[in-house]
Structures are given as C-alpha cells and as structure tokens.
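Undergrad: Have a look at this prediction, sequence included:
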Amino acid sequence: MTEQSDIVVIGAGQAGAELCLELRRRGHAGRVVLLGDEAWPPYKRPPLSKAYLTGAADEAALYAVPPAQWQRHAIEFIGGTAAVRLDRQRREVELADGRRIGYRGLALTTGGRARPLPVPGAGLRGVQLLRTMDDARALRPALREGCRLVIVGGGFIGLEAAAAAARAGARVTLLEGLDRVLARVTAPEISRFFERVHREAGVNLVTGAQLAAVRGRETVEAVQLSDGRLMAADHVLAGIGLLPNVELAQRAGLEVDDGIVVDECARSSDPHIVSAGDCANHPSRFAGRRLRLESVQNALEQARTAAATLLGADQPYRAVPWFWSDQYDLKLQMVGLSQGHDRLVVRGDLQKSRDFSAFYLREGRLIAADVVNRPQEFLLAKKLVAAGAMPDPARLADGDLPLRSLLAC
C-alpha cells in the first residue's frame, strides 16, 4: 500500500534539512517527509574535519536543528532507510524496506559520497574516508600522540584533517598528486602559504606524490608511491574528492551530467522534481556556465530556491559562491571563483603574517578573493565581487586604504 505525502525530500543533509524548514517558513502546511540513508537526524558536515574529529564537539553541536524541532515543525524524518526507486509516472518513492510514499512534489538532495582510493589495498582496515559522522568517529583513534597518519589529498578535507591531527600530536604525512595543495581553487602564492603553515606545524607534506598502493596484511602498514617509496602508516585517510549521488536520478531517467541537471530555479528535467546541494548541476549567472558546487552556502541557498519552486513561487538562484576553511589558527574565507584570473593582488604580507587578503582579477574585474583572518575585509570583498567591481590594483593592495573606499569602483 502506498502512503501519501505532499512533498518528499530524499537526502537528509543540510540541503534537505533547509529545504524542509523553508517550506514551513513559507507557510506550507502539507505533509513533508524527509528521508535519509543515515540514522542520524540532519547534521552539519563541516565540523567533521574540525571540532568533531578532535572530540571538541559532540553530536548535539552538529545537528542542523535540535532533533525535537522536526516534530515541532511537523516534518517526518525517516532515517536509516534508503530510497531505491522513483516511479515518476505514479509519483512514488520506493524505500529499501519496501514502503512506498506518494508525492505531489519531490526534492532530490542526495549529496555525495567520498571518493575511495583507486589503488590496491584500499580495502585494508585502517583506510578511511571522512564524509559522515560515523567516518569521523572511526578516524578519531588516529588523532593521538605518535600515530602515523597518511592523508591522501591536499584539498580542504585533507588539510583540515592534517591540522587537527598534527595539533593532537599525530605524525602526519600529507600526499598531494599535483605540484601544490589547493591547486584547483587558489593561486600558487596562496598554496605556498598554506604549505609553509603545515610544514611549520610538523606535517610532512609531499607534493607531486602519486599513490600506487596501500600495503599490509589485514591492517594498514604502509603506503607505496609510484616511484617505489614506502611510507609507514597506522591509518590512511582518503581526501580525494566527492562523487555526487545521482544513481537514483539516473535510474528514474532524469537528465544527469556531473550531477542532476537543474534550471536556475532548481527544477530538474521532470517539472515535479527539484534538486539542490552537492548533487545538483545548475546554471550560474555569476560564472557564466554550469556548476556543481560542494559547499554549505550553496546547499542552503539553493535549497531555499528549490522549496520556493515546489510551492510555485519560482525564485532564481543567483548567489555568489563563497566557502571557508579552518586550519590551526587560520580562518580562510573565499568568495567567487578564481579560475581564469589574470592578476593576483595581495593586501598584506604572505611571508611574515597570518592574515591577508588576496584578490583575483580578470581583465580588470574582481572575480574572487581569498581572505585569511580578516573577517571585516571578507564582508567587503563579498560586496566587491558581487558588484563586479573594477578597482585600481594599487589601491586594492594598499593596506592603509580602507577597503570600503573601493566599493564605488
């Protein structure tokens, strides 16, 4: 027998949670069902590689909202049960336990999963991922004095985990296949700054390192690089990116291309189905092309757009991307997309200080900024990037000149 719901949301991450809450904020009174693979109620993922990993924060600090509030908002959370099939003709969702739930509108906020290591030995005990609360709990034993932790990947997850582990006294080696960390999102000068910070903290950071295999019998003992080098390891963490969870959408015949393809109102190729968050590929007016963004900001703001669409109040998603990362005593805040820049302007001293702002220009226009430990400058940088400002580079670099004075440029 098929249950009936007004709106079903598949995926109980931050996008799914925010979408449900936005439905209620907009006055929607119909039945809302939120489905999640994990048994945990919706929680925030960024702390998994930071405070939660170290044990400084518990589960209660991670929840998107206190669990009791789901009942207060009359949102039915069904956790620990995957959706396995969509019947678009009948407008039904089939769950792994055999239940069927009908819908008027459906949201796919299925997120993504950590990319596993594509090498022999990746299944050994001690090889770990970091995407879920359970992943973080399993990795905690590696954050102890003297533990040999090898991290594969010099992106945000790898660097944040390296910082947490190094501060806990672990012997950390970080392997990055490219010639610098954060190569896909920052300029070489910014990469070098973060490499220096990690090395000063005791991290053995190796760039241009190609992993060939993980060695051991049942448990990790070492990693082997393509040049034959062996590095002893008690734990190995893979931080090599995200795979969007699009299989359910594919089986249902929705358009998929590096994510679930949606329009600027988060509507998929089926007008009764929306998608938001890490799994959604959307047209970005800011970038002038399609994007699939992996960030909390995108998940939350796009979820609000998707909720509006389900209620018939189309609200195009036009947010400027922004991100953040915490490493040691550094808060990196980023706005815009730096790819394609032709000039970098730095405000501050990358060699002597632990705070600066770096601005990316393309044909004179400000397209992105990386700001470290300067929260007020970041707020102004967001406004400058959103406005498409064309500031004078000399004035932009002048730390004695208030950044606010450039808003009229």
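TA: Sure, I can see it.
Undergrad: Residue 208: neighbour count?
TA: By other Cβ atoms under 10 Å, the residues close to residue 208 number 12. C-betas here are computed from N, CA, C, even on glycine.
Undergrad: Tell me the spacing between it and residue 176.
TA: In this view, residue 208 and residue 176 are 8 Å apart by Cβ to Cβ, to the nearest Å.
Undergrad: Also residue 279?
TA: Residue 279 is 26 Å from residue 176, by Cβ to Cβ.
Undergrad: So which of these two has more stuff around it?
TA: Legend: neighbour count by other Cβ under 10 Å for residue 279 and residue 176, higher for residue 279 (29 against 25).
Undergrad: hey, what's residue 291 bridged with?
TA: Under the criterion DSSP bridges, residue 291 forms beta bridges with residue 282.
Undergrad: before we move on, what about residue 327?
TA: residue 330.
Undergrad: Restricting to C-alpha, output the longest helix seen in the chain in CSV.
TA: Longest helix of the chain, by residue count under DSSP state H: helix 296-310. Provided in CSV are the C-alpha atoms of helix 296-310 (Å, rounded to 0.1, in the frame of the first residue of the first chain):
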residue,chain,number,x,y,z
VAL,A,296,27.3,24.5,2.7
GLN,A,297,26.5,28.0,1.4
ASN,A,298,25.4,26.6,-1.9
ALA,A,299,23.4,23.8,-0.2
LEU,A,300,21.5,26.2,2.0
GLU,A,301,20.7,28.9,-0.5
GLN,A,302,19.9,26.5,-3.4
ALA,A,303,17.6,24.6,-1.0
ARG,A,304,15.6,27.7,-0.4
THR,A,305,15.2,28.2,-4.1
ALA,A,306,14.1,24.6,-4.5
ALA,A,307,11.5,25.0,-1.8
ALA,A,308,10.1,28.1,-3.5
THR,A,309,9.8,26.2,-6.8
LEU,A,310,7.9,23.3,-5.2
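Undergrad: can you list the residues that contact that helix?
TA: 7, 13-16, 18-20, 22-23, 26, 44-46, 105, 107, 109, 265-267, 274-278, 280, 282, 314-317, 319, 321-323 (Cβ atoms under 8 Å, 6 or more residues apart in numbering).
Undergrad: and the helix or strand hosting residue 325, how far out from the chain's middle?
TA: Using DSSP states H and E, residue 325 falls within strand 322-327. Offset of strand 322-327 from its chain centre (Cα atoms, centre = their mean, to the nearest Å): 10 Å.
Undergrad: cool, stretch 89-106 as well?
TA: For stretch 89-106, the distance to the chain centre is 28 Å (Cα atoms, centre = their mean).
Undergrad: same question, stretch 13-33
TA: 21 Å.
Undergrad: mind checking how far the nearest residue to residue 406 once chain neighbours are set aside is from residue 401?
TA: Once flanking residues are discounted, residue 406 sits nearest to residue 391: 4.5 Å by Cβ to Cβ, 6 or more residues apart in numbering. Going from residue 391 to residue 401 by Cβ to Cβ gives 10 Å.
Undergrad: got the contact list for residue 114?
TA: By Cβ under 8 Å, 6+ apart, residue 114 lies in contact with 129-131, 135, 238-239, 241-243.
Undergrad: Repeat the analysis, applying 7 Å as the threshold.
TA: 129-131, 238, 242 (Cβ atoms under 7 Å, 6 or more residues apart in numbering).
Undergrad: Could you list everything it pairs with in the sheet?
TA: With DSSP bridges as the criterion, residue 114 is bridged to residue 242.
Undergrad: That one and residue 129, how far apart?
TA: Using Cβ to Cβ, residue 114 is found at 4 Å from residue 129.
Undergrad: joint contacts of these two?
TA: residue 238.
Undergrad: quick one: the helices in the protein?
TA: 14-25, 51-54, 59-62, 68-72, 133-139, 156-167, 188-200, 247-251, 296-310, 375-386, 393-397.
Undergrad: How far off centre is the third one?
TA: Its chain's C-alpha centre and that of helix 59-62 lie 18 Å apart, by Cα atoms, centre = their mean.
Undergrad: avg pLDDT for that helix?
TA: On average, the pLDDT along helix 59-62 is 89.
Undergrad: And the fourth one, by the same measure?
TA: The average of the pLDDT scores along helix 68-72 is 93.
Undergrad: got it, and the first one?
TA: Here helix 14-25 scores 98 as its mean pLDDT.
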